[in-house]
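Novice: Predicted coordinates and the sequence they were generated for:
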Amino acid sequence: MNRFINALLLFIYFPTLLITIFVGFDLPIQILRVPGSELPYKEYIFMGLGILILMVNIRRSIRRWMGMHIVGKVKRFKWNFAVSAERKSRVFTYLVLEGMILAIAGSALYIISKDAWLPALALVLPSIDNLAFMIMGKQRDAFRVGLSSKALIVADRDVTLLYFTGLRKVSIHQQTIYFDYIKELQLSFPLDCIQPEMKDEFFAQLKDQVNTDKVFFSKVS
């Protein structure tokens, strides 16, 4: 999901940047036969793009915080442990890089043209949210894996929710745990989310929650 959100933001950002350059440097827009500074309805164009970017980032932020909140209720799960130190380090690095890129991208828009203040703000605010999310996750040890009788939830930089209904196979391939369902649906999460010393216990607990007559476990030990 996180990759999809980043790809979507890039898809929206490039035309936003292009319009900002035309407006900020007052370049001629041949199709409309006007200079960039006189682009018709530019305020509404920037407003629409800013709201769109903000909505995408808000959706990701809500998903992250909700995942952290849910998996933080340790007593509601049959098995619940913090992700591995290796995974935490990687999550912190990605959050910092992601936040820096968002802040730089937003600042660039505003520097080029003050008219693009809303798209710029819609990018800078999530970078602050990234920092707050990282600090909260570190202080509360809130990046965790929770296993209940109905589903598995992995909550760190992204949130992965895997229900057991329709599950047919659990397997490991190249440091990734795959969950295969009926109708050719496949979901996955990184194996390094599980602490090395907890892997055997994790798979034992997972087997206890599913019908092993219907779910095949491949290369999980």
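Specialist: Received it, and whenever you're ready, just let me know what you need.

Novice: what sits up against the lowest-mean-pLDDT helix or strand in the chain?
Specialist: Sorted by mean pLDDT, DSSP states H and E, the helices and strands of the chain end with strand 28-29, the least confident at a mean of 85. Residues outside strand 28-29 that contact it (C-beta atoms under 8 Å, 6 or more residues apart in numbering): 22, 34-36, 39. For glycine as for every other residue, the C-beta is placed from the backbone atoms N, C-alpha and C.

Novice: got it, and stretch 174-183?
Specialist: 162, 166-172, 186-192.

Novice: just stretch 7-23 next, same as before
Specialist: Here stretch 7-23 has contacts from 27, 29, 36-37, 39, 42, 45-46, 49, 52-53, 56-57, 105, 108-109, 112-113, 115-116, 119, 123, using C-beta under 8 Å, 6+ apart.

Novice: one step back: now a PyMOL select for only the buried ones of the contacts of stretch 174-183.
Specialist: Filtering the contacts of stretch 174-183 down to the buried ones (16 or more other C-beta atoms under 10 Å) takes a single PyMOL command:
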select buried, resi 162+167+170+171+172+188+189+190+191+192
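
Novice: that older thread, among the contacts of strand 28-29, which are in helices?
Specialist: Phe22 (DSSP state H).

Novice: Determine which two of the contacts of strand 28-29 are furthest apart.
Specialist: Farthest apart among the contacts of strand 28-29 by C-beta to C-beta are Phe22 and Val34. That separation is 9.9 Å.

Novice: of these two, who's got more company?
Specialist: Using other C-beta atoms under 10 Å as the criterion, Phe22 and Val34 rank with Phe22 on top: 20 against 13.
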